[in-house]
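>>> Below: sequence and its predicted model.
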Amino acid sequence: NKQVVLRDYVSGFPKESDMDIVEGTIELKVPEGSNDVLLKNLYLSCDPYMVALMRDIGGVEGFQNYTPGSPLTGFGVSKVIESGHPNYKKGDLVWGFTKWEEFSLVSPTLLFKIERTDVPLSYYTGILGMPGMTAYPGFFELGTPKKGENVFVSAASGAIGQLVGQFAKLTGCYVIGSAGSKEKNKLGFDETFNYKEESDLDATLKRYFPEGIDIYFENVGGKTLDAVLLNMRVHGRIPVCGMVSQYNLTQPEGPKRHVSTVTRPHLGLRHGTIDDLTHLASAPTISPSAIAPAGNRTRDLALILISKRHVSTVTRPHLDLRHGTIDDLAHLASAPTNGPAALVGLYSGRNVGKQVLVVARD
Ligand code: NDP
């Protein structure tokens, strides 16, 4: 039973050498009287939040942190090979929370049965799995898009960004994406740009959005967020999905400044600048309230966190693709690869599309 285990707690950027591939032992049997299920893991999902679980900080957002010497945990697609639970039987296909190893004995609390098998099973790590359940409510429920609105999405070629961009196109929005290389910029949006080649992101956004941005789907934070805040329209919305550019920094850059201001919406700071507000910075948390930082277009901007509530949409595996079909979206899936390299590659942009680790195909 090959496993990918954490070697030791990580600080800063994760490296391949922070993980070991070891031969673990597991009895391929559900213990007598247990409700657990024994899984053969097929596809494992590489997700940016996983680095937070590698740190010695006691877990995040309801996920426990990893233990050195034990396999990583995460979302995946698996086949039940033995079940102690009445709702599962041998041969069932499931997606949900499992471990980074070939076979896992898990409690089925966070598993969902796969009913539709007429699509590649790896889609249940992407559009039909956690990223789909995040992108869909994030864009439609929090972004509340309308036809003709101006949408900007960062990390646009990634698991979440590609879906948001496609949802926006299907809604009839004008969509610009940013991604970190030329080949990542073939996304079928209206335009895309490589943020690494732009020396002045504010000017870049003004070029693409002379009338400003209605919805910014936030995946990266940092400099991109700084520039976006100067280009939002009145009543603009920013669903904050994540800020991957900040996860491995010991001193987070922009978001702390901006984000912390939203924790004090009662101040009614409608016309100040970010620097005026910096001294108010405290907890780096986001509340679903209105803020008004710098720039003449940013009044009444709402910054909205895609929070646990939306993460828990993984419990609603009925993704209703009112605006398109799975096939419209699935072609953007990334080529599968191997474990530690696949995971750390997320933080340097090595992945194109959803990063999936293939353990077995059936
Ligand atoms: P991706 O598939 O987009 O992979 C991460 C991408 O982020 C990389 O490919 C890279 O693309 C980009 N990136 C990495 N480092 C930086 C950086 N320093 N600056 C700018 N871009 C960077 O990941 P996901 O689509 O799975 O996740 C996107 C965001 O959504 C993340 O912030 C993640 O934490 C968040 N998320 C939130 C969830 C929630 O429930 N709220 C659930 C799932 C994801 P490039 O080459 O373009 O730089």
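Happy to help now that I have it. Keep in mind it's a predicted model, so treat the numbers as computed, not measured.
>>> in the stretch 201-350 of the chain, what spans have low per-residue confidence?
Across the stretch 201-350 of the chain, residues meeting the criterion (pLDDT under 70) sit at 254-337.
>>> Closest residue of it to the ligand?
residue 242 (2.1 Å; C-beta to the nearest ligand atom). Where you see a C-beta, it was placed from the backbone N, CA and C, and this is true even at glycine.
>>> Give me every residue in the chain lying close to the ligand.
Residues of the chain found near the ligand (C-beta under 6 Å from any ligand atom) are 47-49, 131, 134, 155, 157-161, 179-181, 184, 219-220, 241-245, 306, 310-311, 346-347, 349, 351, 355.
>>> still on that earlier bit, tell me, how many residues neighbour the residue of the stretch 201-350 of the chain closest to the ligand?
By the criterion of other C-beta atoms under 10 Å, residue 242 has 22 neighbours.
>>> Verify the stated contact: it with residue 219.
Yes: applying C-beta atoms under 8 Å as the test, residue 242 and residue 219 come out as touching, 5.5 Å apart.
>>> Pull up the overlap in contacts between the two.
Shared contacts of residue 242 and residue 219, defined by C-beta atoms under 8 Å, 6 or more residues apart in numbering, comprise residue 160.
>>> Give me the contact list for the host helix or strand of residue 162.
Using DSSP states H and E, residue 162 falls within helix 159-171. Residues outside helix 159-171 that contact it (C-beta under 8 Å, 6+ apart) are 47, 126-127, 131-132, 134-136, 138-140, 145-147, 151, 153-156, 175, 177, 179, 187-190, 215, 217, 219, 241-242, 323-324, 328-329, 332, 353-355.
>>> So which of the residues of the chain next to the ligand are in strands?
Among the residues of the chain next to the ligand, the residues falling in strands (DSSP state E) are residue 179.
>>> Counting neighbours, which of the residues of the chain next to the ligand end up buried?
Among the residues of the chain next to the ligand, the ones that count as buried by 16 or more other C-beta atoms under 10 Å are 47-49, 131, 134, 155, 157-161, 179-180, 184, 219-220, 241-245, 306, 310-311, 346-347, 349, 351, 355.
>>> what's the closest non-adjacent residue to residue 338?
Counting by C-beta to C-beta, 6 or more residues apart in numbering, the nearest residue to residue 338 once its immediate chain neighbours are dropped is residue 357, at 6.9 Å.
>>> how far away is the closest residue to residue 205 other than its chain neighbours from residue 244?
By the measure of C-beta to C-beta, 6+ apart, the closest residue to residue 205 outside its immediate chain neighbours is residue 231, 4.4 Å from it. Taking C-beta to C-beta, to the nearest Å as the measure, residue 231 falls 20 Å from residue 244.
>>> ok, how many other residues are close to residue 1?
16.
>>> Please report the distance of it from residue 91.
Taking C-beta to C-beta, one finds residue 1 at 20 Å from residue 91.
>>> Next: residue 15.
On the measure of C-beta to C-beta, residue 15 and residue 91 end up 39 Å apart.
>>> Quick one: distance of stretch 70-85 to the chain centre.
21 Å (C-alpha atoms, centre = their mean, to the nearest Å).
>>> swap in stretch 141-157?
16 Å.
>>> Need the distance between the two termini of that stretch.
Taking C-alpha to C-alpha, to the nearest Å, stretch 141-157 runs 21 Å from one end to the other.
>>> Which residue of residue 15 and residue 91 possesses the greater neighbour count?
The neighbour count for residue 15 versus residue 91, taken as other C-beta under 10 Å, is higher for residue 15 (13 against 9).
>>> number of nearby residues for the closest residue to residue 355 other than its chain neighbours?
Among residues not flanking residue 355 along the chain, residue 46 sits closest, at 4.0 Å (C-beta to C-beta, 6+ apart). Other residues lying near residue 46 total 26 when counted by other C-beta under 10 Å.
>>> So residue 46 sits against residue 358, correct?
No: using C-beta under 8 Å, residue 46 makes no contact with residue 358, being 11.3 Å away.
>>> What segments of the chain are helices?
With helices called from DSSP state H, the chain shows them at 50-53, 130-136, 159-171, 201-208, 222-229, 254-261, 274-277, 308-311, 326-330, 339-344.
>>> how close does the closest residue to the ligand within the stretch 101-250 of the chain get to residue 242?
In the stretch 101-250 of the chain, no residue comes nearer to the ligand than residue 158, which is 1.7 Å away by C-beta to the nearest ligand atom. Note on residue 158: its distance to residue 242, by C-beta to C-beta, is 10 Å.
>>> Quick check: residue 227 vs residue 151, distance?
In terms of C-beta to C-beta, residue 227 sits 16 Å off from residue 151.
>>> more neighbours, those two?
Taking neighbours as other C-beta under 10 Å, residue 227 and residue 151 compare with residue 151 leading, 27 against 22.
>>> who's in contact with that one?
With the criterion set at C-beta under 8 Å, 6+ apart, residue 151 makes contact with 143, 145, 164-165, 168, 173-176, 213-217.
>>> which strand is the longest one in this structure?
In the chain, assigned by DSSP E, the strand with the most residues is strand 73-83.
>>> Could you tell me the average pLDDT over that one, please?
Strand 73-83 carries an average pLDDT of 97.
>>> do the same with stretch 139-153
On average, stretch 139-153 scores 96.
>>> Use 13 as the first number for this chain going forward.
Yes, from this point I'll number from 13; that puts the last item at stretch 151-165.
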